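Colleague: turn this into a structure:
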Amino acid sequence: MKNKIEGERMILQTDTHCHTLSSGHAYSTIGEMAFSAQEKGLKLIAMTDHGPAMPDAPGVTFFRNLRVVPETLHGVEILKGAEVNIMSFQGEMDLSDAVLRELDLVIASLHYPCIKPGSQQENTQALIKAVEHPSVNILGHIGNPLYPIDGEAVIKAVKQHGKLIEINNSSLKPNSFRRGSWENCLGLLKICRDLQVPVVIGSDAHIAGDVGDYQEAEALSIEAALPEELILSTDVKKLKAYLGKADLGTE
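Modeller: Next comes the predicted model:
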C-alpha cells in the first residue's frame, strides 16, 4: 500500500465528519474542534451536525445560518455541512432540497432514532436513493450491522453518481455501539479497491479530542490493501475537486 508516511503512519489532511455540541449529544464547540484539528496538523474539517430529525439536534434555521461561521478557524478550513438523516426507504431526508443546496458538504446516514432497520433490499434502496440526490456527497457509516445492505450494489451506485463512502473511525472502535462494523467495512473497502471507488476517513468525533482520530480506519484500510490514492482524506485539493468545491476556501 502506497502511503504518505510519518514513521509508519498515513498522514491525513482532513476530517469530514465532526459533531459540535449543537448536535445535542456532543460536547465541544466548533472553535474547540478546529483548535484540536490544528494541533493535529489537519488542514480542513467539516462541521456536520445531525439533521433536525435526530433527538435534540438543531433545527432548520441552524443550517441556514451556517454562513456566519468563518471560512477558517485556528488556521483550519471549515466546511459547513450536515449529517442528514435518511427518513424512508425512498431516500427522503430531514432537510429540504433548498437547505441542502446551501451546504458545503452533506453526509447521508441511517440512524435508528429516525428510521428502523428494514430488509437488506430496503436498506440498500434507501442508500441508493440518497446517493442519487444531487446535494449528497457522502454515505455515512454504511457498515453498521444493524442495517444489512448489498454492499456491491451501493458502491456501484456511489461510483455511478460520483459520490463517496466514508470509513467511519468511531464505528470501528472496540467500545462502539456499532459493534460488528469491522468485517462489514472490510468487505466494503475491498469492493471499493476492486472498483476503484474513492473513500474518505471521518472520525465521527463528538468531542474535540477525537477530531482526526483515524487509527482504526487506517488499520482497516491497510488490511483491505486500499491504495492511498483512493483515500481522498490525504489531500485537501483532491477531496475538494472530487466534491466539486475547488473554489471554496484558500486551497
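
Colleague: show me the shaky parts of this protein.
Modeller: Along the chain, segments meeting pLDDT under 70 span 1-8, 246-251.

Colleague: how about the helices in it?
Modeller: 30-39, 60-64, 97-102, 120-131, 151-160, 169-172, 181-195, 215-223, 236-243 (DSSP state H).

Colleague: what about the residue nearest to residue 17 when sequence neighbours are not counted, how many residues nearby?
Modeller: Sequence neighbours aside, residue 202 is the residue nearest to residue 17 in space, at 2.8 Å (criterion: C-beta to C-beta, 6 or more residues apart in numbering). (Glycine included, C-beta is placed from N, CA and C.) Using other C-beta atoms under 10 Å, residue 202 has 30 other residues around it.

Colleague: so who does residue 202 touch?
Modeller: Contacts for residue 202 (C-beta atoms under 8 Å, 6 or more residues apart in numbering) come out as 15, 16, 17, 18, 107, 138, 140, 166, 167, 168, 169, 233.

Colleague: most neighbours of all those, which one?
Modeller: Ranked by neighbour count (other C-beta under 10 Å), the contacts of residue 202 have residue 18 at the top, with 32 neighbours.

Colleague: for that one, give me its contacts.
Modeller: For residue 18, the contact set (C-beta under 8 Å, 6+ apart) comprises 33, 45, 46, 47, 48, 202, 203, 204, 205, 211.

Colleague: hmm, 10 Å instead?
Modeller: Under the criterion of C-beta atoms under 10 Å, 6 or more residues apart in numbering, the contact list for residue 18 reads 26, 28, 30, 33-34, 36-37, 45-49, 78-79, 81, 83, 202-208, 210-212.
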